[in-house]
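Engineer: Task: produce atomic coordinates for the following.
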Amino acid sequence: MRTDYHNHLERGTLTLDYLKEFTDEAAAKGIQHFGISEHAYHFYQTKNILSNPWVDERRYYDMKDYVSLFHEAWNQGIDVKMSIEMDYTPGRHAEMKSFIDTYDFDYVIGSIHWVDDFGIDLKEYLHEWDKRNVNEVYEHYFDQVVTLAQSNLFDIVGHLDLVKIFKYVPDDEEFLMKQYDRATDALAQSKTCVEISTAGLRKPVGELYPDDRLLKLCHQKQIPIVLSSDAHVPGDVGADYDQAVALAKRVGYTSLMTFSKGERKEVPLD
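Structural biologist: Presented below is the predicted three-dimensional model:
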């Protein structure tokens, strides 16, 4: 069984023709469970959750058009899950819950891209890394992982250690493992699954998310997983899944979680 639950249409159009490029690629790669999870910040309906100059310049979708696209696909017999990738925003739990509850999502991904006003994975903010204490950034990032898990709003946490994207990593192994440990403790007490994402292989860090040590803790604490590519173009759907599956098996996973209309089901990892 294979899943690819983290994919984006934002570089193309919210049209059935473009969506089919993704679903056709998934079918060609033997992915049985495929979903689109557009960034929530693109939608006018999320302005009360996350708003800053970078985000507001990129808010150009309406949720009614997004939902209509999926209904059009389903009416044509296309098996695609409807999801959203929401920037977890501290202090906005009620607003996030209200948005999530408004739509009939198959699952919801929660991700952390911002530490206060610092866009940790954006090239526009790359220069900021050299101005900041890496340990403090990591600590604040994993503070949010903990409260994301505690909110229990999300089915999946996206790219769990995204903070490493530009190869800024604490030198202190003990400190890093402490962050991993408290994050996985919180995730283990929540409904939140962890994705093994191949997107990191296409980023400067050149590694899967999460790394072996972090995923091993997830397995030890019985946190379920899904597979995701975080594709922003059709050709990246299911990219490098041989490496993702090898990592999952190496740390001991034998199953994946699947989602449909908020319901989850554990299936074997082939």
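Engineer: now Q243, what's its secondary structure?
Structural biologist: At Q243 the chain is in helix, as set by DSSP: H, G, I helix; E, B strand; the rest coil.
Engineer: Provide a list of residues in contact with it.
Structural biologist: Under the criterion of C-beta atoms under 8 Å, 6 or more residues apart in numbering, the neighbours of Q243 are 198, 201, 208. Placement of C-beta: from N, CA and C, glycine included.
Engineer: Could you say which helix or strand holds the closest residue in space to F154 that isn't next to it in sequence?
Structural biologist: Distances taken as C-beta to C-beta, 6 or more residues apart in numbering place G110 nearest to F154, at 3.3 Å, with adjacent residues excluded. Using DSSP states H and E, G110 sits in strand 109-111.
Engineer: after that strand, next one along is what?
Structural biologist: Downstream of strand 109-111, the next assigned helix or strand under DSSP H and E is strand 114-115.
Engineer: now what about the helix or strand just after that following strand, what contacts it?
Structural biologist: Counting by DSSP H and E, the next helix or strand C-terminal to strand 114-115 is strand 118-119. Residues from elsewhere that reach strand 118-119, judged by C-beta under 8 Å, 6+ apart: 54, 113, 125, 128, 132, 137.
Engineer: Kindly reformat those residues as TSV containing neighbour count.
Structural biologist: As requested, the contacts of strand 118-119 are exported to TSV (neighbours: other C-beta atoms under 10 Å):
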residue	neighbour count
W54	14
H113	23
Y125	15
E128	15
R132	14
V137	19
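Engineer: follow-up on the earlier one: highest neighbour count among the contacts of Q243?
Structural biologist: T198 (26 neighbours; other C-beta atoms under 10 Å).
Engineer: re earlier: closest one of the contacts of Q243 to F142?
Structural biologist: L208 (18.3 Å; C-beta to C-beta).
Engineer: residue contacts, that closest one?
Structural biologist: Counting by C-beta under 8 Å, 6+ apart, L208 touches 196-198, 200-201, 243-244, 247.
Engineer: taking those one by one, which sit in strands?
Structural biologist: 196-197 (DSSP state E).
Engineer: List the buried residues for stretch 97-113?
Structural biologist: Buried residues in stretch 97-113, counted by 16 or more other C-beta atoms under 10 Å: 99-100, 105-113.
Engineer: which phi and psi does the closest residue to S111 other than its chain neighbours have?
Structural biologist: Spatial nearest neighbour of S111, excluding adjacent residues (C-beta to C-beta, 6+ apart): G158 at 3.5 Å. The phi and psi torsions at G158 (degrees, to the nearest 10) take the values phi -80, psi 150.
Engineer: hang on, A199 packs against D230?
Structural biologist: Yes - A199 lies in contact with D230 (C-beta atoms under 8 Å); the separation is 3.5 Å.
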